[in-house]
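1. predicted coordinates and the sequence they were generated for:
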Amino acid sequence: MKKQNNGFKIGCIVLFLGLTTYYLFPTVQWNLEQRHMASMTEAERIQYESENIAKIQRLRENSLSLGLDLQGGMYVTLEVGTPQLILDIAGEFGDEYLEDIIRVARDRAFEQRTDFIDEFVNEFESRDPDAMLSRYFRSDAENINRRSTNSEIASFLRGQQTSAVERAVEIIRSRVDRFGVTEPSILIQGSNRIVVELPGVDDEQRVRDLLRGTARLEFRLTPETEEINAAKQAIANFYSQYEPDEDEEDPIPNLLEIFDLRGTNQYSFGYAAGRDSAAVNRILERDEIRNLIPRNMTVLWGATPFAQDNGIDLYEMIAVRTQVELTGDVISEARVAFDPTTNAPEVSMTMDSEGARRWARITGANIGRPVAIVLDNLVYSYPTVRNQINNGRSSISGMGGLRASEDLVNILMSGALPAPLEIIEERTVGASLGEASIRAGLYSIMFGLGVVAIFMIVYYRTGGGIADLALLLNIIFILGILAGFQATLTLPGIAGIVLTIGMAVDANVLIFDRIREEMRGGKTLRAAIDNGYANAMSAIIDANVTTFFVAVILYSFGVGPIKGFAVTLMAGIVASLFSAIVITRVIVDYLTRDKNAVVSFG
């Protein structure tokens, strides 16, 4: 009988155990750190976090991450607004006819769950089979011109949609990273949807605003006061003469009952209660009222209330030019600053060289006139230009708080979304539910481990005890592999661990039964052990390799919970093979190193 040389195997075990301990140690440290911070008061915790921000960040990044279902958080499905994207691509070529086609196609695609671009092209061609989409869409970069066919235009639009989705994913990822979420999951689903999982998030409204904010920053001039007054007077005159007929199907509501045209200053178009803003918008969109406002002028709501009336917030509407003088694309840097007079937080912005040059020209030509700073069609401020600004600096005030200012800086620095995003599905998992899931998962692992351990000891005696020791190390190895590869442990992942517990002893069952057969055939214990491991190896490798391939397929094509289960299953297969083939063999060889040693395999 050849004496076993297990030096290499022992070295592998020590190395594997050392790596596992190295990768799991930050997780242990982070859990202890969390318990320590949980015992502090709110003020002490804030001070402690500010003093140890680097340490906390390092532990958080290097620890084993828990999924959404274990630590709570938000699951959001976003849909890229393809109709608005196509309208933006058309640009100056768009008209009311195109808008009507887009509206019909959007409604039909929603009702029938079909592709919007297909419905858009079908609707366009059904109205006029000879019409050409090239009337509305041009692109020198994509070689789209007046001679392009409708099918070429459709392919171009699909390419733009794909680019918009990919760009939106990059921007969302940048915003989420700046927000400070650990291990977020951001995936593309279908042709125009994005699935976002944010573990540990508890401020739902803030996340909604962060994900949907288009950050369309604009600088607009205000009209002359004579134009504003003339438009307001025209509306007042209209209602003084307007009397709806009794048989009129859609009479125009009286705007003056909910909207005060007096305004707060000469550039204010008027004001209304916040609860009436939607009704005011609907009335102003009526053709009869809209035609009373000059085409080069529009009215936008202020971002924050300027006063209260009996506890009701009042918002003013500011008149601005329809022409945009400057956009947020020229912003090269944004940061939170504080007004030296009021100490209120504001967003300070610095423009690039081209933006600074244009900003100097705009401010120099409009001294004494207000310039409105508009973000997502809301006017945040409209300061009066006192002198020419040559350094390319500006600021946005009236943000409503430090957190809102920080979020706006995040959005501005991440870039504007290429198309609006709509939340079509949202689920929130509370932290308490996550803790309950962790407890349930731990109980299932302990119960499964206990049942398997007892069965192995009862049935295989000493061999069963060896398998149980390998099983404990196997679980540690799985967690170490997950931490080493910065994977996320989810509830399905815990299910994968429970499944692995049963699968891990399967190899030992094959080996131990082969050893028993060899011993019944009259072979010595050492010979039976050698033959048992050798003869069972092919069956063990075949079974685990095929299962590993299935896990790879699940990981490649699955999403969310399926992918989490696949990751844990792959880690479990690798760890269980190592434990069953290497660790148990070293222990068995050590126990049978003497010729007279007795080891029972049942």
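-> Great, that's in hand.

2. per-domain residue ranges of this structure.
-> Here the domain parsing of the chain from automatic domain parsing is 7-35+430-591, 77-214+423-428, 221-243+254-411.

3. what is the distance between the last one and the centre of its chain?
-> Domain 221-243+254-411 has its C-alpha centroid displaced from the chain centroid by 31 Å (C-alpha atoms, centre = their mean, to the nearest Å).

4. can you tell me the average pLDDT over it?
-> For domain 221-243+254-411, the mean per-residue pLDDT is 85.

5. with distance to residue 55 and mean neighbour count added, can I get the domains of the chain in a markdown table?
-> The C-beta positions use only the backbone N, C-alpha and C, and glycine is treated the same way. Shown next, in a markdown table, are the domains of the chain (distance: least, C-beta to C-beta, whole Å; neighbours: other C-beta atoms under 10 Å):
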| stretch | distance to residue 55 | mean neighbour count |
| --- | --- | --- |
| domain 7-35+430-591 | 8 | 18 |
| domain 77-214+423-428 | 15 | 16 |
| domain 221-243+254-411 | 22 | 16 |
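
6. I'd like these as TSV, with distance to residue 47 appended.
-> Output for these, formatted as TSV (distance: least, C-beta to C-beta, whole Å):
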stretch	distance to residue 47
domain 7-35+430-591	15
domain 77-214+423-428	18
domain 221-243+254-411	17
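
7. who wins for proximity to residue 62 among the ones you listed?
-> Taking C-beta to C-beta, domain 7-35+430-591 is the member of the domains of the chain nearest to residue 62, at 3.9 Å.

8. just the endpoints, please. Distance across that closest one?
-> Start-to-end span of domain 7-35+430-591 (C-alpha to C-alpha, to the nearest Å) is 15 Å.

9. over to stretch 211-225?
-> 38 Å.

10. hang on, the earlier thing: so which of the domains of the chain comes closest to residue 67?
-> Set against residue 67 and scored by C-beta to C-beta, the domains of the chain come closest in domain 7-35+430-591, at 3.3 Å.

11. returning to that earlier point: between the domains of the chain, which gets nearest to residue 49?
-> Set against residue 49 and scored by C-beta to C-beta, those come closest in domain 7-35+430-591, at 10.3 Å.

12. what is the mean pLDDT for the closest one?
-> Averaged over domain 7-35+430-591, pLDDT sits at 83.

13. and the residue nearest to residue 176 when sequence neighbours are not counted, what does it touch?
-> Spatial nearest neighbour of residue 176, excluding adjacent residues (C-beta to C-beta, 6 or more residues apart in numbering): residue 184 at 4.8 Å. Residues near residue 184 by C-beta atoms under 8 Å, 6 or more residues apart in numbering: 173, 176-177, 196-199.

14. if I look at residue 320, how far off is residue 232?
-> Here the criterion is C-beta to C-beta, to the nearest Å. By it, residue 320 lies 15 Å from residue 232.

15. likewise for residue 462?
-> 95 Å.

16. got it, and residue 542?
-> From residue 542 across to residue 232, the span is 84 Å (C-beta to C-beta).

17. pLDDT at the residue nearest to residue 176, what is it?
-> On the pLDDT scale, residue 184 gets 76.

18. quick check, residue 463 in contact with residue 592.
-> No. In terms of C-beta atoms under 8 Å, residue 463 does not count as a neighbour of residue 592; the distance is 11.2 Å.

19. this completes my enquiry, with thanks.
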